[in-house]
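J.: Here's a sequence, model it:
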Amino acid sequence: MLMLRHERETEQKGSSAINEKLLDNQDLCLLFQISPRSLQRYRSLGVLPYKRLGQKTYYTEEDVMQFVENNVKEFKKENVEHYLTRIHQKFK
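T.: Numbers count the residues shown, from 1 in each chain. Purely as a prediction, here's the structure:
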């Protein structure tokens, strides 16, 4: 049901990202090893884009990678594959 709702919203926006991976708050807290409050702060500051579906907050994989690239110290673009692999392994 959640994927159908997301697909409808995506189609309405004219985007071709129907199979876009979504991560929730718990996923990101575990991935970044931060508290839910820290995640809320990033959303409030506008540095981490998010989507609301019902009462739940989701983040696209693309937005998360952009956040990491722009805000994580010592992040090197050459390490993008490492972060992508970590995200994919964690949430399969």
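J.: which strand of the chain spans the most residues?
T.: The longest strand of the chain (DSSP state E) is strand 56-60.
J.: list the helices and strands that one packs on?
T.: If contacts are counted by 3 or more C-beta pairs under 8 Å, 6 or more residues apart in numbering; DSSP states H and E, strand 56-60 sits against strand 22-24, helix 25-32, strand 51-53. Every residue, glycine included, has its C-beta placed from N, CA and C.
J.: correct me, but Asp63 touches Leu48?
T.: Yes - with contact defined as C-beta atoms under 8 Å, Asp63 reaches Leu48; the gap is 6.9 Å.
J.: and these two? which has more neighbours close in?
T.: Per other C-beta atoms under 10 Å, whichever of Asp63 and Leu48 has more neighbours is Leu48, with 20 against 17.
J.: For the nearest residue to that one once chain neighbours are set aside, pull up the helix or strand it's in.
T.: Using C-beta to C-beta, 6 or more residues apart in numbering and skipping residues adjacent in sequence, the residue nearest Leu48 is Tyr42, 4.0 Å away. Secondary structure from DSSP states H and E places Tyr42 in helix 36-45.
J.: so what pLDDT did Arg41 get?
T.: According to the prediction, Arg41 has pLDDT 93.
J.: what do you get for Glu74?
T.: On pLDDT, Glu74 comes in at 63.
J.: returning to what we had before: need the winner for burial among the helices and strands packed on strand 56-60.
T.: strand 22-24 (a mean of 18; mean count of other C-beta atoms under 10 Å).
J.: Within the sheet, what are the partner strands of that strand, with directions?
T.: Strand 22-24 sits in its sheet next to strand 56-60 (antiparallel), going by DSSP bridges.
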